[in-house]
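Colleague: coords below, sequence missing:
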């Protein structure tokens, strides 16, 4: 029995959750590379893949610790309001992309921060390459 793409992503997300905190960022990177390679091998609609690939993933685990803690506190507060603040739910939220939390918290500030940081890194890379 095979996986649908959604089932595969859910399965890989569950595996990422099992990774230790020290290895979480690496696990997320490995998962994303696997999914990317999988999509390339089965050649999903190229236009859709191109559009999605233009958006940076902004994984929470790859964000600075202070930002992660700020997000964790907001997520815990909202989950507590809904009576769903369990360690598993918090961990699941924290191991996702910031876009996955859009229905839970206001993510605009974090997306802007990460995009600004990425632009700075790209600019530094361009300057350093000359």
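Modeller: Sure thing, it's come through. Here the structure is a predicted model, which is why all the values come from computation and not from measurement. Numbering: from 1, shown residues only.
Colleague: beyond the helix or strand of the chain with the lowest mean pLDDT, next helix or strand please.
Modeller: One helix or strand of the chain scores below all others by mean pLDDT, DSSP states H and E: helix 46-54, with a mean of 40. Toward the C-terminus, helix 46-54 is succeeded by helix 65-81 as the next helix or strand (DSSP states H and E).
Colleague: same question for whichever helix in the chain runs longest: list its buried residues.
Modeller: Identified as the longest helix of the chain according to DSSP state H is helix 108-128. Across helix 108-128, burial judged by 16 or more other C-beta atoms under 10 Å covers 110, 111, 114. All C-beta atoms are positioned from the backbone trio N, CA, C, and that covers glycine.
Colleague: what's the closest of those to residue 33?
Modeller: When those are compared for distance to residue 33 (C-beta to C-beta), residue 114 wins out at 19.4 Å.
Colleague: quick check: closest non-adjacent residue to that closest one.
Modeller: residue 58 (4.8 Å; C-beta to C-beta, 6 or more residues apart in numbering).
Colleague: low-confidence ranges, the chain, go.
Modeller: Within the chain, the stretches with pLDDT under 70 are 1-3, 5, 39-57, 129-130.
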